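S.K.: Take a look and give me a structure for this.
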Amino acid sequence: MQSTRQRILEILQERKHVTVQELGEAVELTPVTIRHHLDVLRGEGLVDAPRAIRRPGPGRPQYVYGLTEAADEHFPKNYHGLANLLFDEIRERVAPAEMEQIMTRVAQRMADQAPSPRPGASPQEIMEAVVSFMNDRGYVARWEERPGGDYVLRANNCPYKHVAQAHSEVCTMDVHLISRLAGVPPQRLSHMTSGDDSCTYLFRF
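M.R.: Numbers count the residues shown, from 1 in each chain. I've put the predicted structure just below:
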């Protein structure tokens, strides 16, 4: 993002509601230039429409700008840092078998969010539903049918990459999740944490 607009977002994040005049003073730009940047940010869905607030005493209201919820994605996050610490704490407190049970239950909770398959759904319909569910969660997945009736699912992105590199339990969770979504256990053919380009799974219905 253009540095001036990023700075405007940071000011709005810090002060919550700011006038054009206040933004201009903070970044040393004219009100006309500030309005141009705000129009661009509004077009990107990051800044709300100006809101009128009454000042004490007589006079015209002030118009202030604030961030939308979408703007939150433009600020640093450390989800994987927190997740790694949580995994470390759980691993110190439970046995490996219990950790496996925890990840299985997490996979079941995730699978429960998927639509129930149509009774009698074909393998192609099942694979399409699995890939659709995974892509909604950032896996960048696709499937293909191989001669002989086998199916291959390829996940080209790991949404939990930074956690999975330190905690293999995340990959175990993925296998449980895909098994429950498809209704059959897959055979893993490749693994990104082992240096492969993707995580690939073979299904035989």
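S.K.: hey, let's count contacts and neighbours off CA atoms from now on
M.R.: Fine.
S.K.: Show the contacting residues for residue 4.
M.R.: residue 27 (Cα atoms under 8 Å, 6 or more residues apart in numbering).
S.K.: residues in contact with residue 180?
M.R.: Contacts of residue 180 by Cα under 8 Å, 6+ apart are 108, 111.
S.K.: how many other residues sit next to the nearest residue to residue 7 once chain neighbours are set aside?
M.R.: Nearest residue to residue 7 in three dimensions, chain neighbours excluded: residue 27, at 7.8 Å (Cα to Cα, 6 or more residues apart in numbering). Counted with other Cα atoms under 10 Å, residues neighbouring residue 27 total 14.
S.K.: Do you know the pLDDT at residue 27?
M.R.: What the model reports for residue 27 is a pLDDT of 89.
S.K.: any idea how far residue 161 is from it?
M.R.: Residue 27 sits 37 Å away from residue 161, going by Cα to Cα, to the nearest Å.
S.K.: which sections of the chain are below the confidence cut-off?
M.R.: Within the chain, the segments meeting pLDDT under 70 span 1, 55-59.
S.K.: mind pulling up the phi and psi values for residue 152?
M.R.: phi -120, psi 130 (degrees, to the nearest 10).
S.K.: Specify the beta-bridge partners of it.
M.R.: Here residue 152 sits in beta bridges with residue 144, residue 202, as judged by DSSP bridges.
S.K.: ok, it touching residue 201?
M.R.: Yes - between residue 152 and residue 201 there is a contact under Cα atoms under 8 Å: 5.6 Å.
S.K.: Could I get the full set of helices for the chain?
M.R.: Ranges of helices in the chain, per DSSP state H, are 3-15, 20-27, 31-43, 79-93, 96-111, 123-135, 161-164, 169-182.
S.K.: Can you say which of those is packed in most?
M.R.: Compared across the helices of the chain, helix 169-182 shows the largest average neighbour count, a mean of 20 (mean count of other Cα atoms under 10 Å).
S.K.: quick check: angle from that helix to helix 96-111?
M.R.: Angle of helix 169-182 versus helix 96-111, following axes from the mean of the first three to the mean of the last three Cα atoms, to 10 degrees, is 50 degrees.
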